[in-house]
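Student: I'll drop the sequence and a predicted model, then ask my questions.
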Amino acid sequence: MADTTNSASTTIKIMGCSIPERLQLHMSMLALQFGYAGFHVVSRAALNMGISKIVYPVYRNVLALLLLLPFAYFLEKKERPPLTLSLLVQFFLLAVIGITANQGFYLLGLDNTSPTFASAIQNSVPAITFLMAALLRIEQVRLNRKDGVAKVVGTVLCVAGASVITLYQGPTIYSPSPPLQRALPAMLVLGDARGKNWTLGCLFLIGHCLSWSGWLVLQAPVVKKYPARLSVTSYQCFFGVIQFLVIAAFIERDPQAWLVHSAGELFSVAYAGIVASGIAFAVQIWCIDRGGPVFVAVYQPVQTLVVAIMASLALGEEFYLGGIIGAVLIIAGLYFVLWGKNEERKFAIQKALIQSPADHDNNRTTSHIKSPIAQPLLSQSTENV
């Protein structure tokens, strides 16, 4: 407990302000959601401007790799275990799922739908991750407890919400007349693209969420064997660039597609690589370390709201009834899953606290019966519990 207090005060001193750490966490998470929301809008604007769906992720991951590589090399020198062929194969496969498939499906889905619904459907990732972990028996489901029921209900709601968004577009609820585009004629190029396949786009976004969830589940055992997170991410970015380049050799054969034709395209690539992949990753790691994964995940629906406002102003995006109903179901399902996980964690802590005094008493009795040589081992065992 003392270590946590000291580290918190050190963090505040480094940042040179007297803001409480909890407030810093909330401010960081809000900034992170704005950063990710901007990424959705900027990426859609880049696609509307005609940037290649292969070139865009290549440049994004190159920038992310250049940003992460120095930190991974210098900060994780002591934590980095020896590299083996087996680990390289696992990094390559993680890159296939977490970068190539994840980002590829996302861009294809975003191009056929809108930033708001791409962000809304991402709220289903925690529930899909839980479902995958349960099927692989990494996560236990206890239907005789309220936390297990909540996680199952949340998963069902998220799947129902994603199905509604995919299968039912519905009538237009809100059709904005974007003031930014009227004031700045140059922003007309960012306008919402028409004539896209909504159902196909939603299916691509579901593939994106499945890839993201699969990456989260499969990455956990790899990080246990290779506990240098920045290095793992750097290796994945490297292999992701290689994989996209191989795909580009077959699909993107136009040399002009690799050129940046406007300041808007340059800004989009720089934003995706530096803000959405580099800075956002560092901020998210700090927030998870200080506030926990549940605290970070709770802020995810804020991103959907921010994206809706940004896309309405900048892109003139319309809101459809099916998308709104689906987004509400997904967000409700997210909170059910998070509540269930939080209750499960509380139950585990209470169980450990109940068992610890009993174990301590048993150890003390055993230490009196046996020789004094066993005393240090018993104390260490109790401390670990």
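Tutor: That came in fine, so what should we check first?

Student: Now do the contacts for Y168.
Tutor: 321-322, 325-326 (C-beta atoms under 8 Å, 6 or more residues apart in numbering). (Each C-beta comes from the backbone N, C-alpha and C, glycine too.)

Student: Let's see that with 10 Å instead.
Tutor: Residues in contact with Y168, defined by C-beta atoms under 10 Å, 6 or more residues apart in numbering, are 198-199, 320-323, 325-326.

Student: For it, report the pLDDT, please.
Tutor: Confidence per residue is given as pLDDT, and for Y168 that number is 80.

Student: Backbone dihedrals for it, both of them.
Tutor: Main-chain dihedrals, Y168, degrees, to the nearest 10: phi -140, psi 110.

Student: what about it, distance to L200?
Tutor: Distance, Y168 to L200, by C-beta to C-beta, to the nearest Å: 15 Å.

Student: Then L63?
Tutor: 29 Å.

Student: Over to A160?
Tutor: The separation that A160 has from L200, given C-beta to C-beta, amounts to 20 Å.

Student: now do L230
Tutor: 36 Å.

Student: Could you give the number of residues near the spatially closest residue to I128 that is not a sequence neighbour?
Tutor: If you skip the residues right next to it in sequence, I128 has S213 as its closest partner in space, 4.1 Å away by C-beta to C-beta, 6 or more residues apart in numbering. Other residues near S213 number 22, with proximity taken as other C-beta atoms under 10 Å.

Student: ditto for the one 5 residues further on
Tutor: Per other C-beta under 10 Å, the neighbour tally for L218 reads 17.

Student: again with L69
Tutor: Neighbourhood size, L69 [other C-beta under 10 Å]: 17.

Student: Does it lie in a helix or a strand, and which?
Tutor: Secondary structure from DSSP states H and E places L69 in helix 55-75.

Student: Tell me which residues of the helix or strand that that helix is followed by come out buried.
Tutor: Going down the chain from helix 55-75, the next helix or strand is helix 85-95, by DSSP H and E. Judged by neighbour count (16 or more other C-beta atoms under 10 Å), helix 85-95 contains these buried residues: 87, 90-92, 94-95.

Student: Next, the angle from helix 85-95 to helix 55-75.
Tutor: Between the axis of helix 85-95 and that of helix 55-75 there is an angle of 140 degrees, by axes from the mean of the first three to the mean of the last three C-alpha atoms, to 10 degrees.

Student: other SSEs contacting helix 85-95?
Tutor: Contacts of helix 85-95 with other secondary structure elements, assessed using 3 or more C-beta pairs under 10 Å, 6 or more residues apart in numbering; DSSP states H and E, are made with helix 198-225, helix 229-251.

Student: now the angle from it to helix 229-251?
Tutor: In terms of direction (the same axes, to 10 degrees), helix 85-95 departs from helix 229-251 by 60 degrees.

Student: what's the offset of helix 85-95 from the middle of its chain?
Tutor: 20 Å (C-alpha atoms, centre = their mean, to the nearest Å).

Student: what number of residues lie near A348?
Tutor: 11.

Student: Distance check, it against L83.
Tutor: Here the distance between A348 and L83 works out to 35 Å (C-beta to C-beta).

Student: do N61 as well
Tutor: Spatial separation of N61 from L83 under the definition C-beta to C-beta is 20 Å.

Student: who's more crowded, those two?
Tutor: For N61 and L83, the more surrounded residue by other C-beta under 10 Å is N61, and the numbers stand at 26 against 12.

Student: what's near enough to touch that one?
Tutor: 95, 99-100, 103, 236-244, 272-273, 277.

Student: likewise Q33?
Tutor: Q33 sits in contact with 119, 280, 299-307, where contact means C-beta under 10 Å, 6+ apart.

Student: Quick one: buried ones out of those?
Tutor: Among the contacts of Q33, those classed as buried by neighbour count (16+ other C-beta under 10 Å) are 119, 280, 299-307.

Student: Count the residues that sit near the nearest residue to L47 once chain neighbours are set aside.
Tutor: Taking C-beta to C-beta, 6+ apart as the measure, L47 lies nearest to D111, with 4.9 Å between them; neighbours along the chain are not counted. The burial count assigned to D111 is 20, neighbours taken as other C-beta under 10 Å.

Student: mind listing the strands for the chain?
Tutor: With strands called from DSSP state E, the chain shows them at 172-174, 319-320.

Student: what comes into contact with the longest one?
Tutor: Residues from elsewhere that reach strand 172-174, judged by C-beta under 10 Å, 6+ apart: 308, 312, 317-324.

Student: Repeat the analysis, applying 7 Å as the threshold.
Tutor: Judged by C-beta atoms under 7 Å, 6 or more residues apart in numbering, the contacts made with strand 172-174 from elsewhere in the structure are 318-321, 324.

Student: same question, stretch 196-207
Tutor: Among residues not part of stretch 196-207, those counted as contacts by C-beta under 7 Å, 6+ apart are 105, 108-109, 111-113, 118, 121, 162, 165-166, 169.

Student: Can I get these in CSV including distance to H40?
Tutor: Putting the contacts of stretch 196-207 into CSV (distance: C-beta to C-beta, whole Å) gives the following:
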residue, distance to H40
F105, 14
L108, 14
G109, 11
D111, 12
N112, 14
T113, 11
A118, 6
I121, 11
A162, 17
I165, 15
T166, 18
Q169, 19
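
Student: Please identify the one among those residues that lies nearest to N48.
Tutor: D111 (8.7 Å; C-beta to C-beta).

Student: Let's see the pLDDT reported for the closest one.
Tutor: We note a pLDDT of 89 for D111 in this prediction.

Student: Start the count at 2 instead of 1 going forward.
Tutor: That works, and once the first residue is 2, the last one we named lands at D112.

Student: Give the ranges of residues in the stretch 102-251 of the chain that sit below the confidence cut-off.
Tutor: Low-confidence segments of the stretch 102-251 of the chain, defined by pLDDT under 70, are located at 176-196.

Student: let's go with 50 and repeat that
Tutor: Along the stretch 102-251 of the chain, segments meeting pLDDT under 50 span 180-182, 184-192, 194.
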